[in-house]
Structures are given as C-alpha cells and as structure tokens.
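Novice: here are the coordinates; sequence isn't available:
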C-alpha cells in the first residue's frame with residue numbers, strides 16, 4: 001500500500017522547478033503545481049510528511065529538511081504551523097475517542113497490594129528516539145505510532161529505562177561500599193520482582209559490579225592486571241552461580257525456564273508536538289562545520305502522560321502483613337526511581353547529553369492502591385487515592401502511605 005501511495009504521488013519524474021514547487025506544497029506553502037495537480041488530494045500534513053521522503057532523491061533534500069538560511073522554511077516551519085498542530089491534536093483526540101489512551105484499571109479486579117499511578121509531565125529538554133521506518137526525509141526520525149503517526153515512548157522503553165535508572169545506583173552503592181553484599185542481593189531481588197527476567201544486559205551489568213566488589217578495584221600497575229583479571233572472572237562465575245541459586249530457591253527460575261513476569265506494567269506515552277534538532281560536527285583541524293545531522297525530536301515544553309500499574313500476582317495467598325510490607329516497599333522504590341529517571345537520568349536517546357529530562361512539576365498526578373488492612377470500598381467509597389503535583393511530592397506521599405499503613409517499611 002505504501003509503495004502504491006508513493007507511486008501515485010510521484011514527484012521524481014518532473015523537472016526541478018516542479019519538484020521545488022511540490023516540496024513547498026508538501027511543507028504547507030502555496031498550491032500544488034499544475035503538473036502535479038493531484039497532490040492537492042493530500043490534505044493531511046502527516047501524510048504529506050511521508051511524501052517528503054522523495055526529496056531525498058532530489059537536489060532539494062536539505063531545503064526540505066531545514067529550508068533556506070535567510071527565508072526559513074523546511075520542516076521546522078511545517079512543525080510550527082497551525083495546520084500541522086491541529087492535525088496532531090486531531091489524531092490524539094481520535095485515539096482518546098476510540099479508548100486507546102492509557103487509563104487506570106479497575107482496582108477491584110487486581111490482587112491486594114496492587115497500585116497504579118498516572119501523571120502528565122512537561123519536557124524540560126527535547127526528547128529524541130530512533131524510529132525503524134525504512135524511508136523518511138530525516139536520517140533520525142523520532143519513533144511514532146504506526147497507525148496514528150503520533151510521537152511515542154513505547155511501554156517496553158519505559159520499562160527498560162526505569163530498570164536502568166534503578167540498577168545504576170545499586171551497583172554504585174555496592175562498589176563504594178555504602179551497602180554490603182547481603183543488601184545488594186536483597187535489592188537486586190526486589191528489582192527482579194518488579195521487572196522480571198534480567199534481559200538486555202541487566203544480569204551482566206549487576207553481576208560484573210558484584211564480581212568487581214569481590215575482586216577489588218582494577219590495579220593501576222599493569223604487572224598486576226593479569227592476576228586481577230583472573231580473580232575477577234572467577235568471582236564473576238561465582239556470583240552468577242550464587243544468584244541463580246537464589247532465584248531457584250525463590251521459584252523465580254525453574255529448570256531451564258526463564259519466564260518470570262515482573263509486577264510492573266507500563267503504558268505507552270504519546271506526544272502531539274514535533275521539532276528539529278541539528279548537530280553540526282566540526283573538523284578538528286579547520287574547526288569548520290561538516291555536513292549537519294538532523295534529528296527529529298519532541299521539543300521542550302511538550303506534554304506527555306505516564307501511567308504505570310503494579311500488580312504482585314506472586315503474592316496472591318501470602319500473609320496480609322507480608323503483602324503490605326513488600327507492596328509498600330516497592331511503592332517507595334518506584335516513586336524514587338521515577339523521580340530520578342525523569343529529573344536526573346533522563347529517558348531519551350542521548351540522555352547523557354541532557355536530552356529527555358522533565359520538569360519537576362506535573363499535572364493530573366494520581367496514585368491509587370488496593371492495600372490490605374483497608375475496609376473494602378463500596379460504590380460510594382472507592383479505593384483510596386492520593387493526588388500529587390511534583391515528583392518530590394510523589395516520593396513524600398509514598399513514604400507517608402507506608403507510615404500510615406504499617407509505620408514505615410525501612
């Protein structure tokens with residue numbers, strides 16, 4: 001279907017002037033050229049974006065991307081246009097009308113200890129990601145929903161980023177000896193319960209930190225390096241075996257099966273704004289800029305809604321005191337992790353350069369939980385809910401909930 005679409009709205013077999021006029025039209029300037037009258041049938045700006053990919057095979061590639069230095073134009077002007085913003089907002093409303101936007105679940109259907117939270121955040125720095133489309137006017141388009149074309153953060157991306165945010169201080173605390181091995185294993189098991197199997201290098205990262213703790217710091221003397229490496233690899237094998245044994249004792253791993261499902265469930269986030277970032281590498285000798293690299297991004301100031309569900313199915317049938325203790329400890333850890341991910345580590349590609357950081361304040365912050373020890377709600381008395389307006393307030397609320405329900409969890 002995409003090939004037929006490109007074939008019918010083909011601007012490559014026309015003259016240069018007509019190509020330029022067609023690109024202007026797709027960018028929202030002027031009318032469709034006479035030779036390509038049928039282009040006027042495309043009224044949706046996001047569909048026009050698909051056709052702009054043909055400019056890659058013309059001499060107007062950079063013009064389509066960034067316009068002219070003095071006159072402006074290009075994608076930045078299209079993204080700022082009222083037509084484009086209305087199209088993005090309309091698609092967002094369509095998804096909302098169809099019930100495709102994340103919503104908090106019915107807590108009555110979930111086990112005791114479950115909680116859910118949602119909030120709308122504001123980007124303080126642009127968000128960058130990498131889409132896997134085969135053809136796009138930019139080399140680095142941001143990831144989008146396949147049907148509605150809205151920029152998005154996938155649920156799996158949120159899961160991986162939050163896990164990475166929580167792993168890094170855990171490894172750092174062990175190596176700096178702020179915690180001992182027993183605490184490290186306990187906290188690592190907590191992350192395992194939250195996120196499930198340690199995939200995408202998580203197991204190796206934590207095992208190597210543990211092995212380095214046992215082997216000691218890498219020596220600066222090269223003559224001692226070989227002996228240290230041998231000690232490190234033996235420690236790495238040993239700690240991997242020890243943690244595997246712990247997982248099997250806890251029944252998180254049985255036989256050769258590694259299908260443990262964590263208690264956290266994430267929802268995708270959608271944005272309705274797009275912009276352009278430009279990186280211009282400089283030659284080290286001439287100090288002159290080379291070919292600029294264009295990145296599509298969600299700009300600072302854009303809003304997105306984050307939603308998360310915690311459902312500890314592994315605790316079904318456990319003692320109420322144990323359910324309450326573990327669920328409240330997990331709530332506090334998740335709240336602290338979210339604050340660090342959004343405000344410190346970031347959740348974007350190139351986050352080490354400061355991309356993908358949010359503002360401290362949020363809107364529509366809501367936390368609800370189904371904790372043992374509370375009276376079962378009625379139709380007029382739902383499960384308790386708490387509102388918050390910042391990440392700091394969310395962390396504070398989670399601590400107060402723990403104190404109210406069992407006098408703290410730590």
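Specialist: Received the coordinates, thanks. Bear in mind that the values here come from a model prediction, so they are computed numbers and not experimental data.

Novice: C-alpha from now on. contacts and neighbour counts both.
Specialist: OK.

Novice: Tell me which stretches of the stretch 301-410 of the chain form strands.
Specialist: According to DSSP state E, counting those that start in this stretch, the stretch 301-410 of the chain carries its strands in the segments 303-310, 361-370, 385-390.

Novice: could you say what helices and strands the longest one packs with?
Specialist: The reference is to strand 361-370. Other elements packing on strand 361-370 under the criterion 3 or more Cα pairs under 8 Å, 6 or more residues apart in numbering; DSSP states H and E are strand 114-122, strand 385-390.

Novice: Kindly recompute the last result at 10 Å.
Specialist: Using 3 or more Cα pairs under 10 Å, 6 or more residues apart in numbering; DSSP states H and E as the contact test, the elements touching strand 361-370 are strand 114-122, strand 303-310, helix 320-340, strand 385-390, helix 391-406.

Novice: Likewise for the first one?
Specialist: Helices and strands touching strand 303-310, as assessed by 3+ Cα pairs under 10 Å, 6+ apart, comprise strand 114-122, strand 152-153, helix 155-175, strand 264-266, strand 269-270, helix 320-340, strand 361-370.

Novice: starting at the chain centroid, how far to the fourth one?
Specialist: Strand 264-266 has its average C-alpha position 12 Å from the chain's average C-alpha position, going by Cα atoms, centre = their mean, to the nearest Å.

Novice: mean confidence for it?
Specialist: When pLDDT is averaged over strand 264-266, the result is 97.

Novice: Any buried residues in the lowest-mean-pLDDT helix or strand in the chain, and which?
Specialist: Across the helices and strands of the chain, mean pLDDT, DSSP states H and E gives its lowest value to helix 2-8, namely a mean of 81. For helix 2-8, burial by neighbour count (16 or more other Cα atoms under 10 Å) applies to no residue.

Novice: go on, stretch 19-35?
Specialist: 19, 20, 21, 22, 23, 24, 25, 26, 27, 28, 32, 33.

Novice: Mind picking the two most distant members of those?
Specialist: 19 and 28 (14.3 Å; Cα to Cα).

Novice: Compute the number of surrounding residues for the closest residue to residue 335 other than its chain neighbours.
Specialist: Among residues not flanking residue 335 along the chain, residue 395 sits closest, at 5.2 Å (Cα to Cα, 6 or more residues apart in numbering). Each residue near residue 395 was counted by other Cα atoms under 10 Å, and the total is 20.

Novice: Residue 395 is in contact with residue 329, isn't it?
Specialist: No: using Cα atoms under 10 Å as the test, residue 395 is too far from residue 329 to be in contact (11.8 Å).

Novice: where are the low-confidence patches of the stretch 201-350 of the chain?
Specialist: 258-259, 281-291 (pLDDT under 70).

Novice: rerun that using 90 as the cut-off
Specialist: Per-residue confidence for the stretch 201-350 of the chain (pLDDT under 90) gives these ranges: 201, 217-226, 250-261, 276-295, 314-318, 320-321, 349-350.

Novice: What are the boundaries of the helices in it?
Specialist: In the stretch 201-350 of the chain, the helices defined using DSSP state H, counting those that start in this stretch lie at 202-215, 225-249, 320-340.

Novice: possible to save these as a markdown table with mean neighbour count?
Specialist: Below are the helices of the stretch 201-350 of the chain laid out as a markdown table (neighbours: other Cα atoms under 10 Å):
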| stretch | mean neighbour count |
| --- | --- |
| helix 202-215 | 19 |
| helix 225-249 | 15 |
| helix 320-340 | 20 |
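
Novice: got a markdown table for these, with distance to residue 191 too?
Specialist: As requested, the helices of the stretch 201-350 of the chain are exported to a markdown table (distance: least, Cα to Cα, whole Å):
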| stretch | distance to residue 191 |
| --- | --- |
| helix 202-215 | 10 |
| helix 225-249 | 12 |
| helix 320-340 | 9 |
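
Novice: quick one: which of the ones you listed is nearest residue 4?
Specialist: helix 202-215 (43.1 Å).

Novice: Name the surrounding residues that touch the closest one.
Specialist: Contacts with helix 202-215, where a contact means Cα atoms under 10 Å, 6 or more residues apart in numbering, come from 160, 163-164, 167-168, 170-177, 180-181, 184-185, 188, 192, 197-198, 201, 216, 218, 228-241, 243.

Novice: Swap in 7 Å and give it another go.
Specialist: With Cα atoms under 7 Å, 6 or more residues apart in numbering as the test, helix 202-215 has contacts from 171, 174, 175, 231, 232, 235, 236, 239, 240.

Novice: Count the neighbours of the second one for me.
Specialist: To tie it back to what came earlier, the one meant is residue 174. So residue 174, with other Cα under 10 Å, has 19 neighbours.

Novice: give me every residue that touches it.
Specialist: Contacts of residue 174 by Cα under 7 Å, 6+ apart are 180, 184, 213.

Novice: measure the last one to residue 260 for me?
Specialist: Applying Cα to Cα, to the nearest Å, one obtains 27 Å for the distance of residue 213 from residue 260.

Novice: and residue 96, how many residues sit next to it?
Specialist: Neighbour count for residue 96, taken as other Cα under 10 Å: 12.

Novice: no wait, residue 133
Specialist: So residue 133, with other Cα under 10 Å, has 12 neighbours.

Novice: Quick one: classify it as helix, strand or coil.
Specialist: coil (DSSP: H, G, I helix; E, B strand; the rest coil).

Novice: Contact partners for it?
Specialist: Neighbours of residue 133 in contact, by Cα under 7 Å, 6+ apart: none.

Novice: Nice, that's everything, thank you.
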